[in-house]
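Student: Sequence first, predicted model second:
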Amino acid sequence: MSKVSIIGQGYVGLTIASFAAKVHQVVGFDNRADVVDRLNQGISHIEGVESSDLKSLIKSGSYRASADPSDIKGSEIVIIAVPTPLDEKRNPDLSFLESACKTIGENLTAPALVINESTSFPGTVRDFIKPTVEKYSSSNFENSYAVSPERVDPGRAEWNQKNTPRLYAGLTANATLATAAFYKTFCDELVEVSSPEIAEAAKLFENTFRQVNIALVNEFAQITNALGFSIQETLAAAATKPYGFMKFHPSSGVGGHCIPVDPTYLAYAAAAKGIEATFIQRANEVNLEMPKYIIQRVKADHGGSLEGKKIQIIGVSYKPDVADTRETPAELLIKEAEKEGAQVSWHDPVVKVWRGESSRGLGNADIAILVTRHSIFDLDEIPKSFTYLFDTTGSIVNVPGL
Ligand SMILES: NC(=O)c1ccc[n+]([C@@H]2O[C@H](COP(=O)([O-])OP(=O)(O)OC[C@H]3O[C@@H](n4cnc5c(N)ncnc54)[C@H](O)[C@@H]3O)[C@@H](O)[C@H]2O)c1
């Protein structure tokens, strides 16, 4: 059993904590006192981490949250799980990583293994995390450093920390061994790669693969519509090929912390070497254009004007069964609809409160746009509440007039 500190108690950090605390002594450090207070009361804010499980970990003494950086003292392992977003110029913003490194550098009093789980470009552990921790440390010992990119997909029940293969590599052979020994305590399958840069790049490519394929199917949806046939039937037909094809679903675009963001980290690393990541750029454009495309389709269905129409957006989180609204395409969709003079409301019993507003009851609108299909939605009931419904999810079938 080791003392493990996890910097950042959001989707990734709390999920890891809930698995690691079954074996280790875990401090979940977060700089938001309100998050820490709720966690210490056993209230989880993350789908997939049940409050009842959190309560029993707290009761057994194997987990506690803290906003006091000195609580990471004495850790043998420190995991970084802080945001890596884009700045206002849509370049990588490493400020959260920098402040996590500061906390580590200033508070560790004995050597530890520092593992980065935040997503970033190749070279982040070697050229940013290690030197930044060292910059803030006044001690003369050496930490070890490794990376193990997080692959958790909140809301996906069948793949979790335990059964999702985990990539890892250390900056030194000893760091690699120690990283394997740690994850072996709660992960079934470990995949060692030859350098941290390979692990970092693999994570970015996984999400770029999804971003580009989502853009491709979104463009294909526009093509099939223009040609006058069904995208869903065409995709189902293509998916009967037993090899060389993977089905992606058309949608209103991409959202969340990963798919709209991570490919830009890869493009940034490419640009530093003089390479233009043209697929990534075009995929970003296609996905960001989808809300406008959808509103134009709805407008065309309403005689070329949405002026004064009441539109209800159903499901505003970026994906089903999570309350996460970061980078949600629903936001752009609302903006586009308002530009056309529509009055927009939203209904999402999973998100509940968003942009300072509460979710409205279903109905009372001329037009509904289903953006995110939560499993609690009753797909038979939704069409009954509207005379016109545009389903961006392909979930509602065989409803006359849809
Ligand atoms: N959410 C996902 O599905 C997912 C999946 C794989 C990888 N990732 C990556 O994992 C990283 C974390 O993402 P997330 O979704 O967990 O973010 P999140 O916003 O849910 O959680 C981050 C937490 O870190 C805290 N924090 C920020 N700076 C801090 C600091 N200096 N010290 C202590 N706490 C700090 C925040 O208060 C927040 O609670 C990102 O790099 C992301 O790209 C996320």
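Tutor: That came in fine, so what should we check first? This one's a predicted model, so the numbers in the text were calculated from it and none came from an experiment.

Student: all contacts plus neighbour counts: C-alpha atoms, from now on.
Tutor: Fine.

Student: Residue 93 versus the residue of the chain most remote from its centre, what's the distance?
Tutor: Computed with CA atoms, centre = their mean, the residue of the chain farthest from its C-alpha average is residue 303, at 37.8 Å. Counting by CA to CA, to the nearest Å, the separation of residue 303 from residue 93 is 44 Å.

Student: Near the ligand, which residues of the chain are found?
Tutor: Proximity of the chain to the ligand is confined to 7-13, 29-32, 81-84, 96, 99-100, 118-119, 150-154, 257-258 under the rule CA under 6 Å from any ligand atom.

Student: Report the buried members of those.
Tutor: 7-13, 29-31, 81-84, 96, 99-100, 118-119, 150-151, 154, 257-258 (16 or more other CA atoms under 10 Å).

Student: Show me the residues of the chain next to the ligand that map onto helices.
Tutor: Counting by DSSP state H, the residues of the chain next to the ligand place 11, 12, 13, 96, 99, 100 in helices.

Student: would you say residue 17 is within a helix?
Tutor: Yes: the assignment for residue 17 by DSSP: H, G, I helix; E, B strand; the rest coil puts it in a helix.

Student: residues contacting it?
Tutor: Residues near residue 17 by CA atoms under 8 Å, 6 or more residues apart in numbering: 6, 26, 28, 63.

Student: Would you mind finding the longest helix in the chain?
Tutor: Scanning the chain for the longest helix, with DSSP H as the assignment, gives helix 196-227.

Student: How about that helix, which residues are buried there?
Tutor: Neighbour-count burial for helix 196-227 [16+ other CA under 10 Å]: 196-204, 207-208, 210-222.

Student: What average pLDDT does that helix get?
Tutor: Per-residue pLDDT values over helix 196-227 give a mean of 98.

Student: helix or strand right after it?
Tutor: Tracing the chain past helix 196-227, the next element assigned as helix or strand by DSSP states H and E is helix 231-238.

Student: Identify each buried residue in stretch 35-48, please.
Tutor: Buried, per 16+ other CA under 10 Å, within stretch 35-48: 35, 36, 39, 40, 42, 43, 44, 45, 46, 47, 48.

Student: actually stretch 291-301, not the one I typed
Tutor: 291, 292, 293, 294, 295, 296, 298, 299.

Student: cool, stretch 20-28 as well?
Tutor: In stretch 20-28, counting by 16+ other CA under 10 Å, buried: 20, 21, 22, 24, 25, 26, 27, 28.

Student: how distant is that stretch from the center of its chain?
Tutor: 23 Å (CA atoms, centre = their mean, to the nearest Å).

Student: next one: stretch 15-28
Tutor: 21 Å.

Student: I'd assumed residue 279 was in a helix, is it?
Tutor: Yes: applying three-state DSSP, one finds residue 279 inside a helix.

Student: Once you drop chain neighbours, what's closest to it?
Tutor: residue 212 (6.9 Å; CA to CA, 6 or more residues apart in numbering).

Student: One more: residue 76?
Tutor: Nearest one to residue 76, counting by CA to CA, 6+ apart, is residue 112 at 4.6 Å.

Student: Might one say that the one you found is in contact with residue 77?
Tutor: Yes: look at residue 112 against residue 77 with CA atoms under 8 Å: they come within range, at 5.4 Å.

Student: Please, where are all the helices along the stretch 251-400 of the chain?
Tutor: 262-272, 278-301, 329-339, 381-384 (DSSP state H, counting those that start in this stretch).

Student: Export those helices as TSV, with columns for mean pLDDT.
Tutor: What follows is the helices of the stretch 251-400 of the chain, written out as TSV (pLDDT from 0 to 100):
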stretch	mean pLDDT
helix 262-272	96
helix 278-301	97
helix 329-339	97
helix 381-384	90
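
Student: Adding distance to residue 226, write the ones you listed out as TSV.
Tutor: Formatted as TSV, the helices of the stretch 251-400 of the chain follow (distance: least, CA to CA, whole Å):
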stretch	distance to residue 226
helix 262-272	29
helix 278-301	11
helix 329-339	21
helix 381-384	25
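
Student: Who are the contact partners of the residue minimising distance to the centre of the chain?
Tutor: Centroid-nearest residue in the chain: residue 257, 3.9 Å away (criterion: CA atoms, centre = their mean). For residue 257, the contacting residues are 85, 326, 327, by CA under 8 Å, 6+ apart.

Student: can you pull the contacts of the second one?
Tutor: Residue 326 sits next to 255, 256, 257, 317, 318 when contact means CA under 8 Å, 6+ apart.

Student: is it true that the second one touches residue 316?
Tutor: No: with the criterion set as CA under 8 Å, residue 256 and residue 316 do not qualify as a contacting pair; they are 11.5 Å apart.

Student: any shared contact partners between the two?
Tutor: Common neighbours of residue 256 and residue 316 (CA under 8 Å, 6+ apart) are 325, 328.

Student: sorry, back to before: list the ones among the contacts of residue 17 that fall in strands.
Tutor: 6, 26, 28, 63 (DSSP state E).

Student: From residue 13, how far out is the second one?
Tutor: Going from residue 26 to residue 13 by CA to CA gives 11 Å.

Student: any shared contact partners between those two?
Tutor: Joint contacts of residue 26 and residue 13 (CA under 8 Å, 6+ apart) are residue 6.

Student: Give the buried residues for the worst-scoring helix or strand of the chain on mean pLDDT.
Tutor: Least confident helix or strand, the chain: helix 381-384 with a mean of 90, by mean pLDDT, DSSP states H and E. Neighbour-count burial for helix 381-384 flags 382, 383 (criterion: 16+ other CA under 10 Å).

Student: what helix or strand does residue 145 sit in?
Tutor: Per DSSP H and E: strand 144-147 holds residue 145.
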